[in-house]
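J.: Attaching a predicted model along with its sequence, questions to come.
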There are 2 protein chains.
Amino acid sequence: MSDISPLATPFPDLPPIAGVSVAVARARYKAWDRCDLTLVRFDEGTTVAGVTTKSKCPSPEVEWCRAVLPLGSARALVVNAGNSNAFTGSRGRAAVEAIAARVAAGIGCLPSDVLVSSTGVIGVPLPIDKAEAGIDAALAAPPASWLQATETIGTTDTFPKAASTSAIVGGRTVTLVGIIKGSGMIAPDMATMLGYIFTDAAIEPGLLQRMLDEANGQSFSCITVDGDTSTSDTVLAFATNKAGHAPLASIEDDGADAFQAALSEICLRLAHLVVRDGEGASKFIEVAVEGAVSDESARTIGLSIANSPLVKTAIAGEDANWGRIVMAVGKAGEPAERDRLAIRFGATQVASGGLAVEGYDEAPVAAHLKGQDIEIGVDLGLGEGRATVWTCDLTHGYISINADYRS
Amino acid sequence: MSDISPLATPFPDLPPIAGVSVAVARARYKAWDRCDLTLVRFDEGTTVAGVTTKSKCPSPEVEWCRAVLPLGSARALVVNAGNSNAFTGSRGRAAVEAIAARVAAGIGCLPSDVLVSSTGVIGVPLPIDKAEAGIDAALAAPPASWLQATETIGTTDTFPKAASTSAIVGGRTVTLVGIIKGSGMIAPDMATMLGYIFTDAAIEPGLLQRMLDEANGQSFSCITVDGDTSTSDTVLAFATNKAGHAPLASIEDDGADAFQAALSEICLRLAHLVVRDGEGASKFIEVAVEGAVSDESARTIGLSIANSPLVKTAIAGEDANWGRIVMAVGKAGEPAERDRLAIRFGATQVASGGLAVEGYDEAPVAAHLKGQDIEIGVDLGLGEGRATVWTCDLTHGYISINADYRS
């Protein structure tokens, strides 16, 4: 276990969600003394939506989720930590099917009502006997807390990451709780490794999916730690229909806007927590791009900056080397005109019109860079496109963590 | 100055090239005690071709080269080290024009016959007075050696990089010498920072350009150190027409194949030298991709592997973590089928058909990874596309060099 990230925030108080019960167990996927299997049970009537990695080499868990998500209903979620089960051929697929069958038999549902995720090393088949023993133990276990569940889904995470919020829908207060794990192998085209959002709201699965896609596009898909995209990235949202309001079926329905806002907010907070636990991170960096030819172009340019090793090492060194921002804009491949480009650090404009600003004073920039929360602003001066992305700096800590992870 | 790269190779003996004379001088672009301006003069009749960065924010030097290269003739090359002059607006453009005018007046040629490059920090206008004084000193200086020129174009380079070769054209031996600088901010879409190839062959500029494009596509465009693309990348080839053979005008001409082979070889050797001086590098890594749907797809997948921080840190740690190769193939966005994918380290197959090979023995892989020259082979099993790319590992040295480069 690495030292706790200097950007860590305290674990919040999280309310229960009606219709959701959590258990954890020791499947002993690795030789460690900790729980590594999480089982979340849902009452009947729970709907589900999800987004998964765009990797062309996804894990069998991701394929399973993609197959059952269109059915829109869920009775259980199993998360295995310590072994991603990715790239394990038919043995990996068999392990996922065995897990779903075991849980289905235990709680009396269809295997297709069981969502499954695994995270950890790639290339080692998940041992079915350990998974089944872990499930049996979890089925018999007393309820666990959100903190226990969050700690149990973690791997290289240095602190447990969760958030909650609420919204008024149809005159009722609905509550959302989200838990997430992820620290390295974090990049857009989904992003994060595993995140789960639970709510007592009543939402038809098609609408829940649409809302999750919307929230994801502004949160998990806008963060990067190292530009590396996991084979196992999954975010799932479960709605238990316990809050007592009329089910939402359309974005036009009363309260749908409020729920979308709450869902987007919790996804953004969870995404930021992943960046705050970025491997080796010492700075939280926001890159705000405006004036691009489109929002998508702005996001591509923002991610080019956020993924640049030279930008990230400069910020680690608290070095106001804005020329590296120019470099990263230039390499993004998106429309850019050097002589319209403007760049700021924090509130201080450093360059505009294609050169350093007249009388540029580095002192306020240097002071800003000594802080933990860094803002980079880029205005391309071409159009109305804008996007904000988040990342962390690149430090010796990242090298130390990753040069000898598997051993 | 960093310690010399452990992958450094000795500086070779380099022959003179008829029609080429080299001088170096102290322009004092930085407060350092070294030559930082290189002036190369060419006899009349010298042709030139070049490739420059695809950055959307190129330096005024790159724009100058792009403007004069179509004319196809060259009488001089000036290379400034310590200041890239990039992103400096009209003052940067004025500096380049002043340099070309000063050299043209000094040797009696057109300003458009003077190629100019600069390398170093971005965002500081090149001081015209220092450049002009440096040019005057170089014009009056005695001839310098290839080694002196190579050292003078370097910045963060830890060893001087050059190569030579020869070919038989029209019954005559033609000689090629190349010098290059580059260590960080090295990525495809051109690649390298500054490289120059000199030959006494006689080649029409259109053919020289075509041959350089061909060589570049298999060499400089297939290396990466950090995925960051410089604003100043430039490779120029000069042919002085002194070898006494009939000028080559078409790839069908007798001897053109031999010259192309020699040019491609010297470009590849120079590109490999840049990787060997990659910032913080301790391993030289070759990534060979085959079975892709096209050569371009294979190159994209190869570069996804070569740019992955997780792959590069695993190799730095001599960790046979082949799951990270799967991850990097999966995130490349190119056609790939997990269950057809095969991976090897050195001569040892580690995975095929979508999972680890039966009875996989890590011992020979671990032994391979302890060496300095690492081979990664990926077969996608889809088609005939293939490409080879080169990179280095990602170590604490890269962080140390770049977290405080500018200061």
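T.: On my side now, so go ahead.

J.: burial measure for the closest residue to chain B within the stretch 51-200 of chain A, as a count.
T.: Nearest residue of the stretch 51-200 of chain A to chain B (C-beta to the nearest C-beta) works out as residue A:122 at 2.5 Å. In short, each C-beta sits where N, CA and C put it, glycine included. Residues lying near residue A:122 (other C-beta atoms under 10 Å in any protein chain shown) number 27.

J.: Point out where the stretch 251-400 of chain A drops to low pLDDT.
T.: Applying pLDDT under 70 to the stretch 251-400 of chain A flags no residue at all.

J.: any chance you could map the strands in the stretch 301-407 of chain A?
T.: A:342-345, A:348-352, A:355-356, A:373-379, A:385-392 (DSSP state E, counting those that start in this stretch).

J.: mind checking which of those strands is nearest residue A:88?
T.: Nearest to residue A:88, of all the strands of the stretch 301-407 of chain A, is strand A:385-392, at 30.7 Å by C-beta to C-beta.

J.: So which bits of the stretch 51-200 of chain A are right by chain B?
T.: Contact residues, the stretch 51-200 of chain A versus chain B (C-beta under 8 Å from any C-beta of the partner chain): A:53-58, A:84, A:86-89, A:91-92, A:121-125, A:184-185, A:187, A:189.

J.: Looking at these, which are in strands?
T.: residue A:121 (DSSP state E).

J.: Mind checking which of the residues of the stretch 51-200 of chain A next to chain B are buried?
T.: When those are checked for burial by 16 or more other C-beta atoms under 10 Å in any protein chain shown, the buried set is A:53-58, A:84, A:86-89, A:92, A:121-125, A:184-185, A:187.

J.: Quick check: the residue of the stretch 301-407 of chain A nearest chain B.
T.: Nearest residue of the stretch 301-407 of chain A to chain B: residue A:323, at 2.5 Å (C-beta to the nearest C-beta).

J.: and whichever helix in chain A runs longest, is it in reach of chain B?
T.: For chain A, the helix that runs over the most residues, judged by DSSP state H, is helix A:256-276. No: if you take C-beta under 8 Å from any C-beta as the test, helix A:256-276 misses chain B, and the best it gets is 15.4 Å.

J.: Mind giving me the packing neighbours of that helix?
T.: Packing contacts for helix A:256-276, counted by 3 or more C-beta pairs under 8 Å, 6 or more residues apart in numbering or on different chains; DSSP states H and E, involve strand A:161-169, strand A:172-181, strand A:194-199, helix A:205-217, strand A:223-224, strand A:284-292, strand A:385-392.

J.: Chain B contacts on the stretch 201-350 of chain A?
T.: Residues of the stretch 201-350 of chain A lying close to chain B (C-beta under 8 Å from any C-beta) are A:226-231, A:307-310, A:313-314, A:316-317, A:319, A:321-324, A:326-339, A:341.

J.: Give the buried residues for stretch A:103-117.
T.: The neighbour-count check on stretch A:103-117 (16+ other C-beta under 10 Å) flags A:103-104, A:106, A:109, A:111-117 as buried.

J.: hang on, residue A:388 packs against residue A:289?
T.: Yes: the pair residue A:388 / residue A:289 is scored as a contact, 7.4 Å apart, by C-beta atoms under 8 Å.

J.: Looking at the two, which is more packed in?
T.: More neighbours surround residue A:289 than the other of residue A:388 and residue A:289, with 29 against 17 (other C-beta under 10 Å).

J.: ok, that one - contacts?
T.: A:298-299, A:301-302, A:305, A:377-380, A:385-389 (C-beta atoms under 8 Å, 6 or more residues apart in numbering or on different chains).

J.: For it, name its beta-bridge partners.
T.: For residue A:289, the beta-bridge partners are residue A:378, residue A:387 (DSSP bridges).

J.: sorry, back to before: residue B:34 is nearest to which of the strands of the stretch 301-407 of chain A?
T.: When those are compared by C-beta to C-beta, strand A:355-356 sits nearest residue B:34, at 26.0 Å.

J.: Partner strands of the closest one and their direction?
T.: strand A:348-352 (antiparallel).

J.: Which residues outside the partner strand are in contact with it?
T.: Identification of contacts with strand A:348-352 by C-beta under 8 Å, 6+ apart yields A:320, A:322, A:326, A:341-344, A:356-357, A:360-361, A:364-365, A:368, A:379, B:87, B:123.

J.: Out of those residues, which sit inside helices?
T.: Counting by DSSP H, the part of the contacts of strand A:348-352 found in helices is A:326, A:364-365, A:368.

J.: Can you give me the neighbour number for residue A:49?
T.: Residue A:49: 27 neighbours (other C-beta under 10 Å).

J.: Can you verify my assumption that it contacts residue A:69?
T.: Yes: the pair residue A:49 / residue A:69 is scored as a contact, 6.9 Å apart, by C-beta under 8 Å.

J.: what is in contact with the two at once?
T.: residue A:209.

J.: List the buried residues in the longest helix of chain A.
T.: Buried, per 16+ other C-beta under 10 Å, within helix A:256-276: A:256, A:258-260, A:262-276.

J.: What of stretch A:11-25?
T.: Result for stretch A:11-25 [16+ other C-beta under 10 Å]: buried residues A:14, A:17, A:19-20, A:22-25.

J.: Stretch A:342-354 too?
T.: Within stretch A:342-354, the residues that qualify as buried are A:342-346, A:348-352, A:354, counting by 16+ other C-beta under 10 Å.

J.: sorry, back to before: let me know the closest of the contacts of residue A:289 to residue A:165.
T.: Looking across the contacts of residue A:289 and measuring by C-beta to C-beta, the closest to residue A:165 is residue A:388, at 19.5 Å.

J.: measure the nearest residue to the closest one once chain neighbours are set aside to residue A:342 for me?
T.: Spatial nearest neighbour of residue A:388, chain neighbours left out: residue A:288 (4.7 Å); criterion: C-beta to C-beta, 6 or more residues apart in numbering or on different chains. Separation of residue A:288 from residue A:342 (C-beta to C-beta, to the nearest Å): 12 Å.

J.: One more: residue A:197?
T.: In this view, residue A:197 and residue A:342 are 37 Å apart by C-beta to C-beta.

J.: got it, and residue A:82?
T.: From residue A:82 across to residue A:342, the span is 47 Å (C-beta to C-beta).

J.: that older thread, give me the number of residues near the residue of the stretch 301-407 of chain A closest to chain B?
T.: 27.

J.: tell me the contacts of it?
T.: Under the criterion of C-beta under 8 Å, 6+ apart, the neighbours of residue A:323 are B:84, B:86-87, B:121-123, B:231.

J.: Next one: residue A:300 from residue B:100, what distance?
T.: Taking C-beta to C-beta, one finds residue A:300 at 36 Å from residue B:100.

J.: the more surrounded of these two?
T.: Using other C-beta under 10 Å as the criterion, residue A:300 and residue B:100 rank with residue B:100 on top: 23 against 19.

J.: Double-check that one against residue B:107; I have them as touching.
T.: No: judged on C-beta under 8 Å, residue B:100 makes no contact with residue B:107 at a distance of 11.3 Å.

J.: Okay, now the unreliable bits of the stretch 1-150 of chain A?
T.: Low-confidence segments of the stretch 1-150 of chain A (pLDDT under 70): A:1-2.

J.: now the helices for it?
T.: A:60-68, A:89-107, A:128-140, A:146-153 (DSSP state H, counting those that start in this stretch).
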